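Student: fold the stuff below for me.
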Amino acid sequence: MGSIMNIAMSMSAYEKALQQNAADLANADDENYTRRRVVFESLPPDVLKTDKVLTFGNGIKVNRTERLTDDAIINKLIVSNGEASYFEQQVRDYKVLEDIFNEEVGFNADTGEGSHGFRQALDNFFASWSGLQSQPDSNGAKQHVRQQTSLLIDAMKARYELLQQNSVDLKIKIDETREKINSLGSEVATLTREIQRNAISGTSINDLLDARESAVNELSKLVDCNVIHTKDFGLVIRAGEFNLVMNGFNNNLPEEYNYDDPNKIYFDDRGAKYHVKRGEITSYIRSLHRTESIITELDSFANALRETVNVMHNAGRDVDGDLNTNFFATVADVGADGVKGLFLAKNIQEDALNIAKGISEGWGDGTMARAINHLRTGKIDFSRYRPIPLGGRVDAAEEEGDGNVAEDAGDVVRTSKRERTMLEFVIGLEDEVSKASERVQNSFKHEDTVRNQIKEQKLSISGVNRRESEMEIVKMVNSASKLIAAIRRIDMLEQEIVRIFS
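Tutor: Residues are numbered from 1 along each chain as shown. Below is the predicted model:
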């Protein structure tokens, strides 16, 4: 009878293993599920002492059910998530900038309304002055100058408004991502407490470990994480340099963020700096810096355009023969500098004939128009025309820059201290965005390939192999069939013994 009981216990163990394999198969498509293995333990054998000591096995029982995982591979994936997610978001952020600088953004070719391309609008602006140079007394030529100037202003303001909206959107995304990071940190801490309680009480913790690993995986996409496993299933997570999770407790990432330079982003907690390097939130902050730098560049361009053209225009005489008339409204006139303050002077808006001609006031004097047209090839130090930040600061890296491109794995941040023509300025701005976009795309392809390779390594250990699980089920069913046959044979033997001795 004892043999039957032992075989029954072995049957129960196999049943548990079959149930686990079935559960594995049911979760085969869940990437957050970790394959389990039922670990058997041999029952103490029976010992029969005759002239020899004979032992008889008494079958098996379930010792535990363990998750098949590799912490080293998991940690590699966590690091790779931060790298790949950072560049993936950078690709999206640069796409936004490329769309903003697209040559036909906002322009309707059928109606002729909307914003022309920035580069084309600037070229047309100078071409109109070239036309006025050859016929300085032509009302039609002056109206053409006014029209092309208005289109240039529209092109600049259209992109400026899109950049400002992008800046607002990025700030919202930073706040939302920080809230997600804090929420996931809280979730990981809560799960850690539950895991530790269940481990003490002897309750299964495998599902909780899966849930925690999934939360950490999502967290590592948002910010670069350093994960340390401590004793008794504890977990410490550093988000960059910030202690986000300390076993069963969590700290919220500070709200304030800034940068020592564009490549050293940090969160500020009452003067304490916690740097972060990768993940989506780092991408958003770097893209915000980049967008605001371009906004500053456009403001510098608008100020340079206003002041240099007005200097030339002031030297010419208007329709009444007066000197010192402005072509663009001054900052004092409109109460704003930069792109926001770029308007035609009121008298030019009212009548194109107020556009000045040469200082001699003689018929056919196109010297003033020629001087403005020469601005097309004139070199300008745009750093001299930078707007004054309202309650802000000029970044040290930009203030000391020499006009070179600062790079960090495809990232670019423009600096202003370099003499360029106005057309070179616009072309350079667009080309740098385009080239940097290409670089981050290549970086993302590389990092995504690395991440996928690590995922495959993890899947080979922790993932469910359908064919392997199905074969394991067949093997266990065969073993169970043999046990059932053994039970039947033992039962028949016991019945025969009873019959003989009855």
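Student: remind me what the stretch of helix or strand E438 belongs to packs against, helices and strands.
Tutor: Per DSSP states H and E, E438 falls inside helix 422-462. The contact analysis (3 or more CB pairs under 8 Å, 6 or more residues apart in numbering; DSSP states H and E) places helix 422-462 against helix 71-100, helix 118-134, helix 280-314, strand 411-413. For every residue, glycine as well, the C-beta is placed using N, CA and C.
Student: for L375, find the nearest of these.
Tutor: Shortest distance between L375 and those, using CB to CB, is found for helix 280-314: 5.7 Å.
Student: just the buried residues of the closest one, please?
Tutor: For helix 280-314, burial by neighbour count (16 or more other CB atoms under 10 Å) applies to 280-310, 312-313.
Student: before we move on, what about stretch 238-250?
Tutor: R238, A239, G240, F242, L244, V245, M246, N247, G248, N250.
Student: which one of those residues is nearest S214?
Tutor: Nearest to S214 among the buried residues of stretch 238-250 is V245, at 14.6 Å by CB to CB.
Student: which pLDDT value belongs to F425?
Tutor: We have a pLDDT of 88 for F425.
Student: point out where the stretch 51-200 of the chain drops to low pLDDT.
Tutor: Within the stretch 51-200 of the chain, the ranges that satisfy pLDDT under 70 run 51-59, 103-116.
Student: what helix or strand does F40 sit in?
Tutor: With elements delineated by DSSP H and E, F40 resides in strand 36-42, which encompasses its position.
Student: which elements pack onto that strand?
Tutor: Contact partners of strand 36-42 among helices and strands, from 3+ CB pairs under 8 Å, 6+ apart: helix 2-26, strand 60-67.
Student: what sits up against it?
Tutor: Residues outside strand 36-42 that contact it (CB atoms under 8 Å, 6 or more residues apart in numbering) are 13, 16-17, 20, 23-24, 57-68, 206.
Student: quick one: buried ones out of those residues?
Tutor: Using 16+ other CB under 10 Å, the buried ones in the contacts of strand 36-42 are A13, A17, Q20, D24, N58, G59, I60, V62, T65, R67, N206.
Student: what are the structural domain limits within the protein?
Tutor: What the record gives for the chain is the domain set 2-68+463-501, 132-171+293-452, from automatic domain parsing.
Student: could you tell me the angle between the helix holding E438 and helix 280-314?
Tutor: Computed by axes from the mean of the first three to the mean of the last three CA atoms, to 10 degrees, the angle separating helix 422-462 from helix 280-314 equals 180 degrees.
Student: circling back: closest one to A352 out of the buried ones among the contacts of strand 36-42, please.
Tutor: When those are compared for distance to A352 (CB to CB), R67 comes out closest, at 78.2 Å.
Student: OK, contacts around the closest one?
Tutor: By CB under 8 Å, 6+ apart, the contact set of R67 is T34, R35, R36, N206, L209, D210, S462.
Student: quick revisit: any idea which of the domains of the chain scores lowest on pLDDT?
Tutor: domain 2-68+463-501 (a mean of 69).
Student: quick check: L97 vs V433, distance?
Tutor: When CB to CB, to the nearest Å is the yardstick, L97 and V433 sit 5 Å from each other.
Student: so the two - more neighbours on which side?
Tutor: L97 (24 against 20; other CB atoms under 10 Å).
Student: ok, that one touching K435?
Tutor: No - using CB atoms under 8 Å, L97 is not in contact with K435, being 11.8 Å away.
Student: sec struct for A336, please.
Tutor: coil (DSSP: H, G, I helix; E, B strand; the rest coil).
Student: number of residues surrounding it?
Tutor: Count around A336 with other CB under 10 Å applied: 14.
Student: same question for N263.
Tutor: The criterion is other CB under 10 Å. On that basis, N263 has 16 neighbouring residues.
Student: mind telling me what element it is part of?
Tutor: N263 belongs to no helix or strand, assigned by DSSP H and E.
Student: which residues do L97 and K435 both contact?
Tutor: Both L97 and K435 lack any common contacting residue under the criterion CB under 8 Å, 6+ apart.
Student: measure E430 to Y33 for me?
Tutor: Using CB to CB, one obtains 47 Å as the distance from E430 to Y33.
Student: helix, strand, or coil at E31?
Tutor: Classification of E31 using three-state DSSP returns coil.
Student: dump the residue contacts of it.
Tutor: The neighbourhood of E31, defined by CB under 8 Å, 6+ apart, consists of G463.
Student: repeat that for N303.
Tutor: Contact criterion CB under 8 Å, 6+ apart gives D337, G338, Y385, R386, P387 as the residues in contact with N303.
Student: got it, and D299?
Tutor: For D299, the contacting residues are D337, G338, V339, R386, P387, by CB under 8 Å, 6+ apart.
Student: mind putting the buried residues of stretch 238-250 in CSV, pLDDT included?
Tutor: As requested, those are exported to CSV (pLDDT from 0 to 100):
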residue, pLDDT
R238, 94
A239, 93
G240, 91
F242, 94
L244, 96
V245, 95
M246, 94
N247, 89
G248, 90
N250, 95
